[in-house]
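*Asks:* I would like to see how this sequence folds:
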Amino acid sequence: MIPGMKVIIVDGMGGGIGVQLIARLKEALAAEAPKTAELIALGTNSVATERMVKAGAHRGATGENAIRVSAPLGRFILGPIGIVITNSMMGEITPVMADAILRAPGERILLPLQNDHFHLAGLESLPLAKMMDKAVEIFRERLGAAKQP
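*Replies:* Okay, here's the model as predicted:
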């Protein structure tokens with residue numbers, strides 16, 4: 001395991017996706033790598049951040065600069081696909097936020113949620129719970145790969 005590994009969860013609006021991801025990640029980490037990873041909530045607004053911290057993130061920060069500074073710290077970055085698309089999530093994702101997440105060296109695990117101004121062609125439409133299950137499954141697989149020397 002990578003000592004001091006940071007897992008970044010990014011969400012906006014109400015933070016509901018982030019809250020659910022944090023709950024599932026905590027469960028996965030308890031089984032796979034207890035006490036070795038720090039969950040960091042990055043919200044596009046204070047409501048999202050507060051909800052993710054209450055859900056169990058170790059700490060959280062809010063806004064464009066927090067995302068710009070903190071995204072590169074994560075070994076993994078999880079959230080809805082909109083976090084890498086400028087002006088998505090009803091305009092909450094700024095160009096600086098999307099760019100910071102895309103340029104960060106960590107692996108991104110993104111939920112393919114549809115949005116009003118873009119569509120993802122060729123993807124099977126799944127309920128949100130199934131998307132989250134798949135995201136955590138990918139996280140576990142990649143976490144296992146990260147453990148290898």
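
*Asks:* So which bits of stretch 42-57 are buried?
*Replies:* 42-45, 48-49, 51-53, 55, 57 (16 or more other C-beta atoms under 10 Å). Where you see a C-beta, it was placed from the backbone N, CA and C, and this is true even at glycine.

*Asks:* Also stretch 20-33?
*Replies:* 20-22, 24-26, 28-29, 32-33.

*Asks:* With distance to residue 71 added, can I get those residues in a markdown table?
*Replies:* Below are those laid out as a markdown table (distance: C-beta to C-beta, whole Å):
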| residue | distance to residue 71 |
| --- | --- |
| 20 | 20 |
| 21 | 15 |
| 22 | 17 |
| 24 | 20 |
| 25 | 17 |
| 26 | 20 |
| 28 | 21 |
| 29 | 20 |
| 32 | 23 |
| 33 | 21 |
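
*Asks:* min pLDDT across those, which one?
*Replies:* Model confidence across the buried residues of stretch 20-33 bottoms out at residue 33, which has 66.

*Asks:* Point out where this protein drops to low pLDDT.
*Replies:* The chain contains residues with pLDDT under 70 at 1-3, 33-34, 116, 146-149.

*Asks:* Walking through this structure, point out its strands one by one.
*Replies:* 5-11, 37-43, 59-62, 76-80, 107-111 (DSSP state E).

*Asks:* got JSON lines for those strands, with distance to residue 91 too?
*Replies:* Converted to JSON lines, those look like this (distance: least, C-beta to C-beta, whole Å):
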{"stretch": "strand 5-11", "distance to residue 91": "15"}
{"stretch": "strand 37-43", "distance to residue 91": "15"}
{"stretch": "strand 59-62", "distance to residue 91": "16"}
{"stretch": "strand 76-80", "distance to residue 91": "15"}
{"stretch": "strand 107-111", "distance to residue 91": "19"}
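
*Asks:* Which one, of those, ends up nearest to residue 98?
*Replies:* Ranking those by proximity to residue 98 (C-beta to C-beta) places strand 5-11 first, at 10.3 Å.

*Asks:* Would you mark the buried spots in that closest one?
*Replies:* Applying 16+ other C-beta under 10 Å to strand 5-11 flags 5-11 as buried.

*Asks:* Format these as TSV; extra columns: distance to residue 112.
*Replies:* Below are these laid out as TSV (distance: C-beta to C-beta, whole Å):
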residue	distance to residue 112
5	25
6	24
7	20
8	18
9	16
10	15
11	15
